[in-house]
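S.K.: fold the following for me, if possible:
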Amino acid sequence: MALAEEKAAAAGGEAAVAVSEIHTGQCQCGSLTFRAAALRDIWYCHCRQCRRATGHYMAACRTERERIEISGEVRWAAHSGASQQGFCQRCGSLLFWQQPDKPTMSVAAGALDNTDGIEAQGHIFTAEKGAYYTISDGLPQWPGQPDGGC
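M.R.: Numbers count the residues shown, from 1 in each chain. Have a look, this model is predicted:
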């Protein structure tokens, strides 16, 4: 079900994604905005590519690609292997991560207007984390990708 259909169903009282489960966000300059339904599980990625792209580690949550509506121009750039990162064409804010052959897309948690209802689940690729910081929040940690993905 597309996001527009989910919003209409939620407004009409049908069982679908509740309006409160639709999150909005934007880039730094505001020229790229998005709405996403059913975002789940914030994961902190410590891989070298995410650290280089963000200057630290990446906090992102995902949903099915069809549940994200984007207004504005996204510039896609190679991340690693078959994955891509999406940036605002105007200000360069990093907003999205995807593997085009997979049905999901990740959204940078920091770009969301709020994260109500989305909880952090853990840290991935900790074997590649920077030596300059420690992870001490008590969340689970994986040296690479956890079994079953994140």
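
S.K.: center of the protein - which residue?
M.R.: When Cα atoms, centre = their mean is applied to the chain, the residue found nearest the centroid is residue 107 (2.0 Å).

S.K.: these two touch, right, it and residue 36?
M.R.: Yes: counting by Cβ atoms under 8 Å, residue 36 is a contact partner of residue 107 at 5.7 Å. C-beta: built from backbone N, CA, C; applies to glycine.

S.K.: list the residues that contact both of the two?
M.R.: Common neighbours of residue 107 and residue 36 (criterion: Cβ atoms under 8 Å, 6 or more residues apart in numbering): 23, 25, 63, 68.

S.K.: host element of the second one?
M.R.: Secondary structure from DSSP states H and E places residue 25 in strand 22-26.

S.K.: paired strands for the very next helix or strand once past that strand, with orientation please.
M.R.: Remark: after strand 22-26, the chain's next helix or strand is strand 33-37, criterion DSSP H and E. Partners of strand 33-37 in the sheet, by DSSP bridges, are strand 22-26 (antiparallel), strand 68-71 (antiparallel).
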